[in-house]
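*Asks:* Pasting a predicted model and its sequence here:
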Amino acid sequence: MTFSMSSLTDTSIRSQLQAGYDSRKAAAVEAWDERPEQPAEVTLRLSDGSAETLTAITISAEQIEKAFVDFDTWLETMVQSHESDQATLTNARERLAEVEAMNPANSASIAATFSQDGVLLAYIREDGTLVTSNGSEQLLAGLSEKAQASGVSGEMLADSLKSEVTEQLAAAYADLDVETFDSETSPTIGEFATRWSTNFDADAVYAEALADAQTRLDEAQDWADRWQANLYEIQGILMQAQGT
């Protein structure tokens, strides 16, 4: 049979699944009850050569049985665990993709930069995103919203903003330097960072972020694989209950 996540909530096999769960639970309790009698005390030899005697805590089969959750709780926990693991795995994959897109060798997709005396005042991305800095925020407030309200987007939005930003900044900065780019001449992420953020090591930041994102994905995948193993075990419970 094909067993998947949806099988856990399939009402047609609920009774068989519960029978299998109860059988496994009973077997575990019985195995605990049949263990050889455990010593009441345990003597430990410490690193300094001295000995310490500890009193063992006795756990009965009845206590073990009570420690098991009921079938409905177990089933709900399995479903919620799967949903959580899948969400974590999806988020980890998306995060890795986001970080990989920030490779310093990739294009920064810059349409224009505005600066004076080597200080970056603003820049526009190819998609029309306007980024302000170093005191230009108030001068350029509302320009993005105004341009977007006209209904244009992408390259047309970027071109519209170039004119507006140039006009606003030129009135405030006598030596305004405006550089424009297209998709072929846009600097890379690394080049952009090197020019405008002298203390920012784009390669080091990228390597660290990539390693962290990959670690998170590996951990999420490990949890997902463990859950899949649980699913195979549940399938075994069901098959046992069916007598196959």
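*Replies:* Okay, I see it.
*Asks:* which residues touch residue 191?
*Replies:* residue 108 (C-beta atoms under 8 Å, 6 or more residues apart in numbering). For glycine as for every other residue, the C-beta is placed from the backbone atoms N, C-alpha and C.
*Asks:* Shouldn't it be within a helix?
*Replies:* Yes. The assignment for residue 191 (DSSP: H, G, I helix; E, B strand; the rest coil) places it in a helix.
*Asks:* got the phi/psi numbers for residue 52?
*Replies:* Backbone torsions for residue 52, taken as degrees, to the nearest 10, come to phi -130, psi 130.
*Asks:* per-residue confidence at it?
*Replies:* Confidence at residue 52, expressed as pLDDT, is 84.
*Asks:* and what of residue 243?
*Replies:* 60.
*Asks:* Would you mind pulling up the elements that the lowest-mean-pLDDT helix or strand in the chain packs against?
*Replies:* Here the helix or strand of the chain ranked lowest by mean pLDDT, DSSP states H and E is strand 41-45, holding a mean of 80. Counting contacts by 3 or more C-beta pairs under 8 Å, 6 or more residues apart in numbering; DSSP states H and E, strand 41-45 packs against strand 51-55.
*Asks:* Run through who's touching whichever helix or strand comes after the strand it packs on.
*Replies:* Using DSSP states H and E, the helix or strand that follows strand 51-55 in sequence is helix 61-67. Residues outside helix 61-67 that contact it (C-beta under 8 Å, 6+ apart) are 25, 28-30, 32-33.
*Asks:* Off-centre distance for helix 61-67?
*Replies:* In terms of C-alpha atoms, centre = their mean, to the nearest Å, the centre of helix 61-67 is found 38 Å from the chain centre.
*Asks:* go on, stretch 174-193?
*Replies:* 32 Å.
*Asks:* Show me what counts as buried in that stretch.
*Replies:* Buried residues in stretch 174-193, counting neighbours by 16 or more other C-beta atoms under 10 Å, are found at 176, 181, 186-193.
*Asks:* so which of the residues you listed comes closest to residue 72?
*Replies:* Checking the buried residues of stretch 174-193 against residue 72 with C-beta to C-beta, the nearest one is residue 189 at 51.8 Å.
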